[in-house]
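In: Following is a predicted model, sequence given first.
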Amino acid sequence: MTTKSLLGAKRGMSAIPFIIVLILFVAAAYFAYSFYTDREESKLQVANARQKEATARSLALTAENINRGVAVDVGFAGTIGDAASVDVSSIGSMRADLMRKFQDIDKYGVNLTEDVTLETIIDRLQGALASKVTTIESLNADIVKKDGELAAATVKMNEAVAAVRTEKDNLDASLRAVEKERDENQAKAESESKRRRDDVDQLTEEKELARQEHAREVRTVKDELAYTEADLEQLKTKEDFVHARAKEMDGKVIDADVDGNFALVNLGKTDGLLEGTRFDVIRIIHGNVERHMGVIEVRKTYERYADCSLVDIVDPLNPVLPEDRIRNEIFDPKRVREFVFAGSVANSRYSKEELGKMIGNFGGVLEGEVDVNSDVVILGAGYEDDDNYKRGQELRLETMTEAELLRQLGR
């Protein structure tokens, strides 16, 4: 069952306790109303019975007083004459008066249509009174019984309500647990979805970076190929390039260890040497023949010397040795070398201004035009038609391809 269907089921179940409570409440209200109606009716009957009891007592008292009056009259008549007799007409008049007073006495079970004495009336009234008292006691007992039944029903209703509330609380707790689980699952799903989106974004970004890197590598290869082709063309068609003025050596190796991958040179901070500068290692043989032994790069500079790493070794069996010479076409510890660009920048990674800043970091300067103070002409794309190249040829200045410049700059 899914979380959504489970929630729907739980919400449906949560309505059951309210329906049960409503039914129990209606039933309890009905029973309470019935008990209340019976109880009020019983109270009304008791009140009526008590009223009748009071009336009966009043009538009995009145009859007793009349009886006493008759007795006194008879006794008094006996005292006024030896042969006198009671005035029957007077007694009949008194009886008629009593009949008028007790014209409603038949309501209490006393029949005056027959010839009865006052004692009989009193006895009958007392019997009716006793009957009403019995009725009242019966009604009181019925009220007590109804009260007991109402109390028992109330207790049962309260117990049922308490059970329903308990069940409702349990269902609410279950619903809260389901909702909590739903929220946790939803949070996990959102977190997983976000993680996957982030992974997709990261892969997309890495793919784009890889594409850009590949494009840069392709451009670099094309540039290097163009430089190589230019170099070959230069070597083939420009014989005077070979005889261009060569730069003097900058310094020498004072210690070297191929296994330890280090070399010490006699140039330092006092010479304006910068960390990252690369030098070609040259060995002079047979008096004036130069042999390229490899490339070193400055790792750390000190006041009068520098620690270098061996970047490239031409022949591992013929390693760099002390007294080997070092040379960088841009760096010069004695003076500022001037460079001039011929043609446009072929390399798409750097602009001409950026190349000028790099040359400046090595102690050189990039000028705009060739003059008698220029040292090197940098050969860019289409250099053959550039006036700087032609003027450099006239002054027989040293030339350097753009690829060689980047190599000397450590780029």
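Out: Yes, it's here. Numbering: from 1, shown residues only.
In: Where do the helices of the protein begin and end?
Out: 3-79, 88-101, 118-237, 239-242, 352-361, 387-394, 402-408 (DSSP state H).
In: weakest of the ones you listed by average pLDDT?
Out: Lowest mean pLDDT within those: helix 239-242, a mean of 38.
In: Can you give the domain ranges for the protein?
Out: 3-180, 246-328, 330-411 (automatic domain parsing).
In: so which of those domains comes closest to Thr220?
Out: domain 330-411 (7.4 Å; Cβ to Cβ). For every residue, glycine as well, the C-beta is placed using N, CA and C.
In: What residues sit buried inside stretch 404-411?
Out: Glu404, Leu405, Leu406, Arg407, Gln408, Leu409, Gly410 (16 or more other Cβ atoms under 10 Å).
In: out of everything not next to it in sequence, what's closest to the last one?
Out: It stands for Gly410. Arg278 (4.8 Å; Cβ to Cβ, 6 or more residues apart in numbering).
In: That neighbour - how many residues pack around it?
Out: Look at Arg278: counted by other Cβ atoms under 10 Å, it has 21 neighbours.
In: which residues does it form a beta bridge with?
Out: Glu297 (DSSP bridges).
In: For it, report the pLDDT, please.
Out: pLDDT, read off for Arg278, is 88.
In: quick one: contacts for it?
Out: Counting by Cβ atoms under 8 Å, 6 or more residues apart in numbering, Arg278 makes contact with Val295, Ile296, Glu297, Val298, Val311, Asn328, Arg407, Gln408, Leu409, Gly410.
In: 7 Å instead, please
Out: Going by Cβ atoms under 7 Å, 6 or more residues apart in numbering, Arg278 touches Val295, Glu297, Val311, Asn328, Gln408, Gly410.
In: any idea how far it lies from Ala128?
Out: According to Cβ to Cβ, to the nearest Å, Arg278 and Ala128 sit 140 Å apart.
In: ok, back up a step: so for Gln202, which of the domains of the chain sits nearest?
Out: domain 330-411 (26.0 Å).
In: distance between that closest one and the chain's centre?
Out: The chain centre lies 60 Å from the centre of domain 330-411; the measure is Cα atoms, centre = their mean, to the nearest Å.
In: Low-confidence ranges, the stretch 301-411 of the chain, go.
Out: In the predicted model, the stretch 301-411 of the chain carries pLDDT under 70 at residues 348.
In: at 80 instead, please
Out: For the stretch 301-411 of the chain, the stretches flagged by pLDDT under 80 are 332-335, 347-348, 361-363, 409-411.
In: Show me the strands in it, by range?
Out: Under the criterion DSSP state E, counting those that start in this stretch, strands of the stretch 301-411 of the chain are mapped to 306-313, 325-327, 338-342, 365-367, 376-379, 398-401.
In: Give the buried residues for the fourth one.
Out: So the one you mean is strand 365-367. Leu366, Glu367.
In: what packs against that strand?
Out: With contacts defined as 3 or more Cβ pairs under 7 Å, 6 or more residues apart in numbering; DSSP states H and E, strand 365-367 has these neighbours: strand 338-342, helix 352-361.
In: packing partners for the last one?
Out: In other words, helix 352-361. For helix 352-361, the packing partners by 3+ Cβ pairs under 7 Å, 6+ apart come out as strand 365-367.
In: returning to that earlier point: out of the buried residues of stretch 404-411, who's nearest Arg396?
Out: Lowest distance from Arg396 to the buried residues of stretch 404-411 (Cβ to Cβ) belongs to Glu404, with 18.4 Å.
In: Who are the contact partners of the nearest residue to Ile313 once chain neighbours are set aside?
Out: The shortest distance from Ile313 to any non-neighbouring residue, by Cβ to Cβ, 6+ apart, is to Gly294 (4.4 Å). For Gly294, the contacting residues are Val281, Leu310, Asp312, Ile313, Val314, Val320, by Cβ under 7 Å, 6+ apart.
In: Select only the buried ones of these in PyMOL?
Out: To isolate the buried ones among the contacts of Gly294 in PyMOL, judged by 16+ other Cβ under 10 Å, type:
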select buried, resi 281+310+313+320
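In: between the contacts of Gly294, which is nearest Ser351?
Out: Nearest to Ser351 among these, counting by Cβ to Cβ, is Asp312 at 27.7 Å.
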